[in-house]
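Chemist: sequence and predicted structure below; questions after.
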Amino acid sequence: MRPPSQYPQEIGEEAETEPDPRFGAMMICTRLAGRAVIRVVGRCNEAKENESLDLSNCQLMQVPDAVYHLMRHTELKSCDLSENDITKIPPKFAEKFNLISDLNLSHNQMSKLPDEWADMGSLENLDISYNTFIGLSDCIFKMPKLRHLNASNNHIVDIDVDCLREAPSLQTIDLTNNPLAPRIHDQLSNISDIRILLSPREREDWEDLSI
């Protein structure tokens, strides 16, 4: 047993030791992560009843593998993944949720979709607005039942207009607030069998020159 005379000094040294400033931040992050997990699980349980999965605003950077497990016996008809920080969705999403008819991916950080998404045979409405797309993935124009596409407020410059024309069911596409190349903008403006929403075309510098 140590001499009693040592205790006051040691107690004083412990009192002078400052707590790690990172500890509070770590506790907050852990608490927030725990709440996010609870939110996701709760919404998955709700989806088992109404076949509509709402994972919007859940602080997601990807679709957790647990979601595929929890939903394995549910035939989802719609899914909302908006207001997250998702950068990409794996090909297996199309395989696991191939009965979805409405999908909202708006307000994320996505720039492309997997080629396998062409197999989403039931998808009718797709919202990819407010992301970071610079072009439209070819799989979008191969979806057999896709009727309405919202791709507004991205960074889309180029589009394969021929592929768009061949889309089997596309009726409307919203491309407003995208920096479309003037040539692409003109080609899209001449399409009449699909309703295409466009922002006014910005004139190029040379077009303002008087000859």
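Modeler: Right, received. Where do you want to start? Remember, it's a predicted structure, so these values are computed and weren't measured experimentally.

Chemist: quick check: chain neighbours aside, which residue is closest to G135?
Modeler: Once flanking residues are discounted, G135 sits nearest to D158: 5.3 Å by CB to CB, 6 or more residues apart in numbering. Placement of C-beta: from N, CA and C, glycine included.

Chemist: burial count for the one you found?
Modeler: Burial measure for D158: 12 neighbouring residues, criterion other CB atoms under 10 Å.

Chemist: mind listing what it touches?
Modeler: For D158, the contact set (CB atoms under 8 Å, 6 or more residues apart in numbering) comprises 134-135, 180-181, 184.

Chemist: one more time with 7 Å
Modeler: For D158, the contact set (CB atoms under 7 Å, 6 or more residues apart in numbering) comprises 135, 181, 184.

Chemist: for L53, same thing?
Modeler: L53 neighbours (CB under 7 Å, 6+ apart): 43-44, 47, 71, 76, 79.

Chemist: just these now: which is nearest P114?
Modeler: When the contacts of L53 are ranked by distance to P114 (CB to CB), C79 comes first, at 15.4 Å.

Chemist: how near is that closest one to L149?
Modeler: Distance from C79 to L149, counting by CB to CB, to the nearest Å: 16 Å.

Chemist: again with H73
Modeler: 30 Å.

Chemist: next: G42.
Modeler: Applying CB to CB, the value for G42 to L149 is 30 Å.
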